[in-house]
Structures are given as structure tokens and as C-alpha cells.
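Colleague: only geometry, no sequence info:
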């Protein structure tokens, strides 16, 4: 795919980037090369390649997904400025 100077100017305008007219032609050539490399990657046969999940094989130790209350209500309420029946007391904010 080949980009021209007008396309680069339009992309720059859409991206709200100021590119001087003297640099647009050079940038068009560079962007065309990048798009050419991307087209080459599209030609690679990847049908038998499994998607990569990680660059290293890791054995993960998963914890049991169990719902708990944390068993630390008293510790949490110790930080509260005021507490009533196991709940935080906050000032009224609605008038």
C-alpha cells in the first residue's frame, strides 16, 4: 500500500497533529514502508501456530475462588471515627 502526501496531511489533520508540508512527503514514504511490512506479515502462514499466552511457561498456583467476609470486621472498624452495630457511621450529606 502506498500513501501520498495528501493522505498524510489528512491523517495528520484527523489526529490533530501539525506536520509541516516539507516533512509530509518523507513521512508518506516512511509510512508506506511500514504498511508494506505489515502486508508481508499478512502473507505468513500461521494456521498451525497456537496463540501465544506467555513468553515463558509458568505454573500458576490458583487459589480457591471462595466468597468470604475477610474475617477482619473488627480490625476494619477500628479505623472508623464512629461505629454503630458493626457499621461505619458517616455524617449526613443530604439536606
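Modeller: Cool, got the structure. Quantities reported herein were computed from a predicted structural model and do not represent experimental measurements. Numbers count the residues shown, from 1 in each chain.

Colleague: tell me where the chain has strands.
Modeller: Here the chain has its strands, by DSSP state E, at 83-84, 87-88.

Colleague: list the pairing partners of the last one within its sheet, with orientation.
Modeller: If I follow you right, that is strand 87-88. Sheet pairing of strand 87-88 (DSSP bridges) gives strand 83-84 (antiparallel).

Colleague: would you indicate which residues of the lengthiest helix in the chain are buried?
Modeller: Longest helix in the chain by number of residues, with DSSP state H as the criterion: helix 21-42. Within helix 21-42, the residues scored as buried using 16 or more other Cβ atoms under 10 Å are 24, 27-28, 31. Heads up, the C-betas are built off the backbone N, CA and C, glycines and all.

Colleague: which one of the strands of the chain lies nearest to residue 3?
Modeller: If you check each of the strands of the chain against residue 3 by Cβ to Cβ, strand 87-88 wins as the nearest, at 59.5 Å.

Colleague: what's the average pLDDT for the closest one?
Modeller: Averaging pLDDT along strand 87-88 gives 88.

Colleague: reformat the buried residues of helix 21-42 as TSV; add pLDDT and distance to residue 60.
Modeller: Formatted as TSV, the buried residues of helix 21-42 follow (pLDDT from 0 to 100; distance: Cβ to Cβ, whole Å):
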residue	pLDDT	distance to residue 60
24	94	49
27	95	44
28	95	47
31	94	41
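
Colleague: pick out the most distant pair among those.
Modeller: Within those, 24 and 31 form the most distant pair, 10.1 Å apart (Cβ to Cβ).

Colleague: residues shared between the contacts of these two?
Modeller: Jointly contacting residue 24 and residue 31 under the rule Cβ atoms under 8 Å, 6 or more residues apart in numbering are residue 8.

Colleague: follow-up on the earlier one: which strands and helices lie in contact with the longest helix of the chain?
Modeller: Contacts defined by 3 or more Cβ pairs under 8 Å, 6 or more residues apart in numbering; DSSP states H and E place helix 21-42 against helix 5-14.
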